[in-house]
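Visitor: Test case, fold it:
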Amino acid sequence: MINLKKNKLFKLLYIPLCITILTGCGSEFSENDLEFRNLARESKLSGSSITLMASEDWVTDAEMQLGTNFEAATGIQVVYDLYSDDVYLDTLFARLDSDNPPDIFMTQSGLAIKNTYQLDKYSVDLSSEPWMTVYDTFSAVETSIDGHNYGMSYFDNTTDYYIIFNKELLIDAGVTEVPNTYDAFVTVCQKVADTDVIPIYEPMADGWHQTMLFAETGQFLEKSEPGTIDKLNSNTITFTELESMKLALEQIQNLAFKGYMGKNFSTDTYDNAVGYMANGEYAMCMLRPGMIDSIISSEMNNGFDKEDFGIMLLPICDNQILNVHPTGPSKFISVTSQNIDAAKLYLQYIATKENIQYVIDNSHSVNNLPFDLGQVSSHDEVTMEFLGRFGDEESGLVLQDEITYFNEQWGEISGDILKMCEGTMSPEDVLKQIDARRASLARAANDPAWK
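Guide: Have a look, this model is predicted:
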């Protein structure tokens, strides 16, 4: 199994991994692996090679280990072709339109796969694959087009990104209650800042994390203004006309202007979040709950244990609606691949109970996967208690899962929010750009609402 990781200059980085074989460095094959060895031999797939193309954060180390095991068992080589977030989509669609497409590629599931990306033209119909009988129904809706399933979501959609906070640092600052309004949150941030701890770690250099502050607190929109989502999707209202969306951006900008994100948010990167939370330099960060385990196990941990961390919502616009995000990075097989059967076998392999459990047990960012195989999730009591506070009425889909032509411009929105937090764009400018790009994407998709 080979991992090719490309940076912004498309420099190839070869990372050799140990291959588990009967006479090599690993243990004997499991019954599951033996079954797939036989399937590969019967289909004469041994000796072939498949490439999986993805953004670098979308494939866990645990899955790459499964790729190693898959190669050892079946003789099918797996190459992980990974790109940085800011160049991935442009590179992907250039490859799909070339004579050298990846065998498997990843993109976000949801509205965009039909409206903008038209993946039914690029992807193999997977509706009859064996794992479809245990694939989560809601996830299948998000990877389907016109009743046909083209993808496999291999992403934990049972939780989303929430504010993970260090209880000890907040207590040291005199904070005794979790804030549930924006004003209360600002007060907390100031108290924390007064103790020489930076309140919020917000990494904007990667070009994706900052949009979550807006999109994954915006689930209050439909609850507070019913019918607004339909109006946006039918092009009878724009983001620029929504005062609540302007206020949300103003409040995010205010957090940056007050210094609550520190001085280096424009160059901070997501991969440093765990370390900064572990050493106590920052008190809060928008992370998945499972990342608390990563913080505790970090070599930079400054004496904190699991009980020192809690979970809360970011109360932009006083939001107290739980962000629900059933979509995520999903795998598709290129319709022009020369190795479709081998690619299908790989998807079938990673979707077995044994291998799903392996990913859950060996990835802090994954507590469960969208399959019903009786696997055991790794949600801890803190996460379960947090999620248990929210019923259906207190939960809502995030903006990118409800609004057309939004998720496709995630990177551009992130760039605008960075400029806004640096003071070179206004919140109104950000909304105007969102509207302009939505209109452009809609017209390219021949959306009748924009004609």
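Visitor: Can you identify each of the strands in the stretch 351-451 of the chain by residue range?
Guide: All strands of the stretch 351-451 of the chain, identified by DSSP state E, counting those that start in this stretch, fall at 395-397.
Visitor: Now do the contacts for residue 47.
Guide: 75, 76 (CB atoms under 8 Å, 6 or more residues apart in numbering). (C-beta placed from N, C-alpha, C; glycine too.)
Visitor: I'd like the numbering to begin with 7 instead of 1 from here.
Guide: All right, first residue 7 from here; so that's residue 53.
Visitor: Helix, strand or coil: sort out it for me.
Guide: For residue 53, the assignment made with DSSP: H, G, I helix; E, B strand; the rest coil gives coil.
Visitor: try residue 337
Guide: What three-state DSSP gives for residue 337 is strand.
Visitor: wait, doesn't residue 296 sit right on residue 372?
Guide: Yes - taking contacts as CB atoms under 8 Å, residue 296 lies within contact range of residue 372: 6.7 Å.
Visitor: Name the residues contacting each of those two.
Guide: Joint contacts of residue 296 and residue 372 (CB under 8 Å, 6+ apart) are 162, 384.
Visitor: which intervals of this protein have sub-threshold pLDDT?
Guide: Applying pLDDT under 70 to the chain flags residues 7-33.
Visitor: Now do the contacts for the residue nearest to the spatial centre of it.
Guide: Nearest to the mean C-alpha position of the chain, by CA atoms, centre = their mean, lies residue 334 at 5.6 Å. With contact set as CB under 8 Å, 6+ apart, residue 334 has these partners: 114, 115, 159, 161, 162, 163.
Visitor: Just the buried residues of the longest helix that the chain contains, please?
Guide: What stands out as the longest helix in the chain, according to DSSP state H, is helix 433-450. By neighbour count on 16 or more other CB atoms under 10 Å, the buried set for helix 433-450 is 433, 436, 437, 438, 439, 440, 441, 443, 444, 447, 448.
Visitor: Could you let me know which of those residues ends up closest to residue 423?
Guide: Nearest to residue 423 out of the buried residues of helix 433-450 is residue 436 (CB to CB; 6.5 Å).
Visitor: and the closest one, how far is that from residue 407?
Guide: 20 Å (CB to CB, to the nearest Å).
Visitor: now do residue 158
Guide: Residue 158 is 18 Å from residue 407, where distance means CB to CB.
Visitor: With neighbour numbers in mind, choose between the two.
Guide: Legend: neighbour count by other CB atoms under 10 Å for residue 158 and residue 407, higher for residue 158 (28 against 23).
Visitor: mind checking the SS state of the more buried one?
Guide: From three-state DSSP, the assignment for residue 158 is strand.
Visitor: Which residues does the nearest residue to it once chain neighbours are set aside form beta bridges with?
Guide: Nearest residue to residue 158, sequence neighbours excluded (CB to CB, 6 or more residues apart in numbering): residue 337, at 4.8 Å. Note on residue 337: beta-bridge partners residue 112, residue 158, judged by DSSP bridges.
Visitor: Could you pull up the residues touching residue 337?
Guide: Neighbouring residues of residue 337 by CB under 8 Å, 6+ apart: 58, 110, 111, 112, 157, 158, 159, 160, 353.
Visitor: Could you rerun that using 10 Å?
Guide: 58-60, 64-65, 110-113, 115, 129, 132, 149, 156-161, 349, 352-353, 356-357 (CB atoms under 10 Å, 6 or more residues apart in numbering).
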